[in-house]
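**Student:** This is a predicted model, with the sequence first.
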Amino acid sequence: MHRVHVNSSNLSSVGYDAVAAALEVAFHNGGIYQYYDVPADIHAALLNAASKGSFHARYIKGRYRYKKVG
């Protein structure tokens, strides 16, 4: 999945597959996670959030099924 770099102290890059509704998040510590059944508006809100790490912790982590892929 193609990811774009984000300006964040916690997240390194973010990708989204609209067909699969899958969000992929890479962290500076090297972990890469895919979250499933994520609406497109959540992806857009993550990219536009002032603090991407806080947005991820509040609105994504623990709310969507996920798998560590890297």
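**Tutor:** It's in.
**Student:** burial count for residue 45?
**Tutor:** Burial of residue 45 is recorded as 14 neighbouring residues (other CB atoms under 10 Å). C-beta coordinates here come from the backbone N, C-alpha and C atoms, glycine included.
**Student:** Dihedrals phi and psi, residue 58?
**Tutor:** The phi and psi values for residue 58, taken as degrees, to the nearest 10, are phi -90, psi -40.
**Student:** Okay, and the residue nearest the centre of the chain sits in which element?
**Tutor:** By CA atoms, centre = their mean, the chain has its centre lying nearest to residue 25, at 3.7 Å. Following DSSP states H and E, one finds residue 25 within strand 22-27.
**Student:** Please, where are all the strands along this structure?
**Tutor:** 3-5, 11-17, 22-27, 32-36, 66-68 (DSSP state E).
**Student:** and the residue lying closest to residue 59 once chain neighbours are set aside, what does it touch?
**Tutor:** Distance criterion CB to CB, 6 or more residues apart in numbering; nearest residue to residue 59, sequence neighbours excluded, is residue 42 at 6.4 Å. Counting by CB atoms under 8 Å, 6 or more residues apart in numbering, residue 42 touches 23, 59, 60.
**Student:** what's the closest of the residues you listed to residue 15?
**Tutor:** Set against residue 15, the nearest of the contacts of residue 42 by CB to CB is residue 23 (7.4 Å).
**Student:** Quick check: that closest one touching residue 13?
**Tutor:** No: using CB atoms under 8 Å, residue 23 is not in contact with residue 13, being 11.5 Å away.
**Student:** The two: who's more crowded?
**Tutor:** More neighbours surround residue 23 than the other of residue 23 and residue 13, with 25 against 16 (other CB under 10 Å).
**Student:** Find me the pLDDT at the more buried one, would you?
**Tutor:** With respect to pLDDT, residue 23 scores 98.
**Student:** show me the contacts for it.
**Tutor:** 14, 15, 16, 34, 35, 38, 42, 43, 46, 60, 64.
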